[in-house]
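1. sequence first, predicted model second:
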Amino acid sequence: MEERITALCQRFMENGKTVKKVFWSESSEMVPIASNALTAQGVTADEARLKECIKIVRKNAGSLSFLNGLVAAPFAVSLSMKDDPEASFEKVERLYSVIKKQFGRSDFSALLAIQLSDFVSEESMESVVGRGRELYRLMKEKHPFLTSENDSVLAGFLALSEKSNAALMDDMEACYELLKNSFSDKDSIQTVSHILSIGAGSAREKVDHMIELYDGLKEAGRKFGTDYLAILAAVSILDDNNEKLRDTILEIDGFLETQKGYGFWGGFDKKIRLMHAAMLTIDLYNTAINSQASANAYSLAMIAAQQTAICCMIAAMIIIASAAAVTTPD
């Protein structure tokens, strides 16, 4: 196994242990997401630092009413990597006040504020969020039944793109139409089309490239779950060499299979393990990303993929909570 891949995977597992120790009461699905956020930045989790930052989040949760559950842990992890966590929290708070005016108060608005904060200045908040709202409106116009609150997060990140709104929307729609020929889950392929629109090249080139990667994994005995296609789409725009991307995902997947919480050791199933391997592959290509990084296609793809995973879990939690609240007649 290549040395840098081994080091990345080992850091991911060690970060996971520390995150689980600090956030033991959180959902188990959040541990790899939080661990990945640290690993992507080349950071080793600091237990004391994480505890300090979760206190900041809990102390101020009243000002951001959605800072609980699945959102609290990734936010604390994000703050732990900042020189001044308190100041970073305050910036997120200011950004959230801008976002909720455009998108309303929701888990997704809070999540967008947390993750977009690293990529916008104080001066650009209004313009970026305003553009995100316009992109969301255009998404809703094209696909009124598919577009929902969780799409606001991706709309916010697409607002950082150098492409015009018209170019983004044309690219999304072209990708969507092509993806319909290969995948039946329309919700999933809409999200994939959003992410592919970030990358360079024609819609045909990007869709074919992603499908070739999907098929390559399938032929190797690793079928990628359609629920996580957005993450595979993000991987596919990182490199033109699909064989290299496939082999890297498979190598990481093979490593994870031997670790506690995967494979024989139980915990996450094969499809989730493969999704984690894809996320770590993105990390491998983006180890230099930090809060000063430019919002290029690679960094946007990585962030968008991470947020897609978190949004899917939040949506699932909302559905479960809603179902539990329904009373059945005697």
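-> Sure thing, it's come through. Residues are numbered from 1 along each chain as shown.

2. okay, CA-based contacts and neighbour counts for the rest of this
-> Noted.

3. skipping adjacent residues, who's closest to residue 206 in space?
-> Using CA to CA, 6 or more residues apart in numbering and skipping the chain neighbours, the partner closest in space to residue 206 is residue 196 (6.6 Å).

4. just how off-centre is the helix or strand hosting residue 137 within its chain?
-> Here residue 137, judged by DSSP states H and E, is contained in helix 125-142. Taking the mean of its C-alpha atoms, helix 125-142 sits 19 Å from the chain's own mean (CA atoms, centre = their mean, to the nearest Å).

5. mean confidence (pLDDT) on it, please.
-> What helix 125-142 shows for mean pLDDT is 97.

6. same thing with stretch 229-240?
-> Rounded mean pLDDT across stretch 229-240 is 88.

7. state the distance from the nearest residue to residue 71 once chain neighbours are set aside to residue 101.
-> With sequence-adjacent residues excluded and distances taken as CA to CA, 6+ apart, residue 71 is closest to residue 111, at 6.6 Å. Counting by CA to CA, to the nearest Å, the separation of residue 111 from residue 101 is 15 Å.

8. same check, this time on residue 15
-> For residue 15, the distance to residue 101 - CA to CA - is 36 Å.

9. more crowded one of those two?
-> residue 15 (25 against 12; other CA atoms under 10 Å).

10. and the helix holding residue 137, what's buried?
-> 125-126, 128-139 (16 or more other CA atoms under 10 Å).

11. who are the packing partners of that helix?
-> helix 85-103, helix 151-158, helix 165-179 (3 or more CA pairs under 8 Å, 6 or more residues apart in numbering; DSSP states H and E).

12. surely the residue nearest to residue 206 touches residue 176?
-> No. Contact criterion CA atoms under 8 Å: residue 196 and residue 176 do not qualify, at 9.6 Å.

13. more crowded one of these two?
-> residue 196 (28 against 23).

14. and that one, what's its pLDDT?
-> 93.

15. please apply the same query to residue 271.
-> 91.

16. using CSV, write down the CA coordinates of the helix or strand encompassing it.
-> Per DSSP H and E, residue 271 falls inside helix 270-285. What follows is helix 270-285, C-alpha atoms only, in CSV (Å, rounded to 0.1, in the frame of the first residue of the first chain):
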residue,chain,number,x,y,z
LYS,A,270,-19.9,-2.5,2.3
LYS,A,271,-21.6,0.3,0.5
ILE,A,272,-21.0,2.8,3.3
ARG,A,273,-17.4,1.6,3.6
LEU,A,274,-16.9,2.2,-0.1
MET,A,275,-18.4,5.7,0.3
HIS,A,276,-15.9,6.4,3.1
ALA,A,277,-13.1,5.1,0.8
ALA,A,278,-14.3,7.6,-1.9
MET,A,279,-14.3,10.4,0.7
LEU,A,280,-10.7,9.6,1.7
THR,A,281,-9.7,9.5,-2.0
ILE,A,282,-11.0,13.1,-2.2
ASP,A,283,-8.9,13.9,0.8
LEU,A,284,-5.9,12.5,-0.9
TYR,A,285,-6.3,15.1,-3.7
